[in-house]
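1. Sequence plus predicted model, see below.
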Amino acid sequence: MMDTQDPGRNTALLGAMVDALEEHLASEDLSREVVAETREGPVPATMTLGMVIGLVRALEREMPNMLPLERERADAAFSRFERERRVHLAAYGDKMRREIAADLEAWQRFLEACEGGEDACFEAYVSEAWIRTRLQQLFQEAHSLGIDLGELRERRVEVDDRLRGLFRLGDFIGDADEAPFYPAEEYWWLYGGPMAPAAPG
């Protein structure tokens with residue numbers, strides 16, 4: 001959904017998600033459908049906290065390349081997001097913990113398929129690995145805000161250990177121009193992929 005080459009579209013998406021943030025935090029749902037009004041017309045999108053944070057990160061990277069009006073609109077969206085987050089910090093933290101738990105569960109299920117040698121695991125790794133990247137950004141956000149994640153940190157270590165047991169180092173699996181934003185020391189799972197388990201006997 002994020003297009004790092006179109007900051008105008010990403011700003012519109014972020015604005016629509018910020019508009020819905022208060023209501024989203026008050027709901028039990030982990031995702032919410034929103035519609036952003038862009039130059040090309042209405043764009044439907046699925047909102048999660050991970051998606052909001054990802055949009056903020058993408059726009060921050062694009063700021064030096066934006067036109068003045070684009071920067072002004074992005075800054076306004078950032079300010080609104082920070083204000084909503086600050087006012088509703090307790091609900092934001094609760095929703096974040098639930099979203100992290102759900103993402104960890106999804107990532108663990110995917111790794112179990114890898115450990116079982118399912119072909120779909122190895123074919124889908126490039127797209128599925130972004131679950132782990134989203135988790136990284138959620139953990140970073142929680143740390144910056146002093147949100148206690150408790151045993152979720154231990155669960156992340158456990159699933160990382162499982163992936164490391166299958167992992168083979170390689171090239172960056174995303175677009176080459178995005179690699180500088182994902183250093184290998186921190187985002188190691190984006191530099192390679194899982195090997196198929198050895199056949200028994």
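-> Good, I have the coordinates. Here the structure is a predicted model, which is why all the values come from computation and not from measurement. Residues are numbered from 1 along each chain as shown.
2. Centroid-nearest residue for this protein?
-> Centroid-nearest residue in the chain, with Cα atoms, centre = their mean: residue 134, separated by 2.5 Å.
3. name the element that one belongs to?
-> In this assignment (DSSP states H and E), residue 134 forms part of helix 119-145.
4. The closest residue to residue 37 other than its chain neighbours - how many residues pack around it?
-> Leaving aside its sequence neighbours, residue 37 sits nearest to residue 12 (Cβ to Cβ, 6 or more residues apart in numbering; 6.1 Å). C-beta: built from backbone N, CA, C; applies to glycine. Neighbour count of residue 12, defined by other Cβ atoms under 10 Å: 22.
5. now residue 136
-> Residue neighbour count, defined by other Cβ under 10 Å, stands at 17 for residue 136.
6. What about the closest residue to it other than its chain neighbours, how many residues nearby?
-> Leaving out its chain neighbours, the residue that sits closest to residue 136 by Cβ to Cβ, 6+ apart is residue 187, at 6.7 Å. As a burial measure, residue 187 scores 17 neighbours (other Cβ under 10 Å).
7. Do I have it right that residue 187 meets residue 135?
-> No: using Cβ atoms under 8 Å, residue 187 makes no contact with residue 135, being 11.0 Å away.
8. what about residue 44, distance to residue 28?
-> 21 Å (Cβ to Cβ, to the nearest Å).
9. The two: which is more packed in?
-> Counted by other Cβ under 10 Å, residue 44 and residue 28 do not tie: residue 44 has more neighbours, with 10 against 6.
10. and the more buried one, which of the three is it?
-> Following DSSP: H, G, I helix; E, B strand; the rest coil, the label given to residue 44 is strand.
11. Could you check how many residues crowd around the nearest residue to it once chain neighbours are set aside?
-> Counting by Cβ to Cβ, 6+ apart, residue 44 lies nearest to residue 35, which is 5.3 Å off, once chain neighbours are set aside. Residue 35 has 14 neighbouring residues, counting by other Cβ under 10 Å.
12. Next, give phi and psi for the residue nearest to residue 136.
-> Main-chain dihedrals, residue 187, degrees, to the nearest 10: phi -110, psi 50.
13. again with residue 176
-> Main-chain dihedrals, residue 176, degrees, to the nearest 10: phi -60, psi -30.
14. so where do the strands sit in the chain?
-> All strands of the chain, identified by DSSP state E, fall at 32-38, 41-47, 167-172, 191-194.
15. Outline the domain layout of the chain.
-> Here the domain parsing of the chain from automatic domain parsing is 7-87, 90-194.
16. Redo the ones you listed as a markdown table? Include mean pLDDT.
-> Output for the domains of the chain, formatted as a markdown table (pLDDT from 0 to 100):
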| stretch | mean pLDDT |
| --- | --- |
| domain 7-87 | 94 |
| domain 90-194 | 94 |
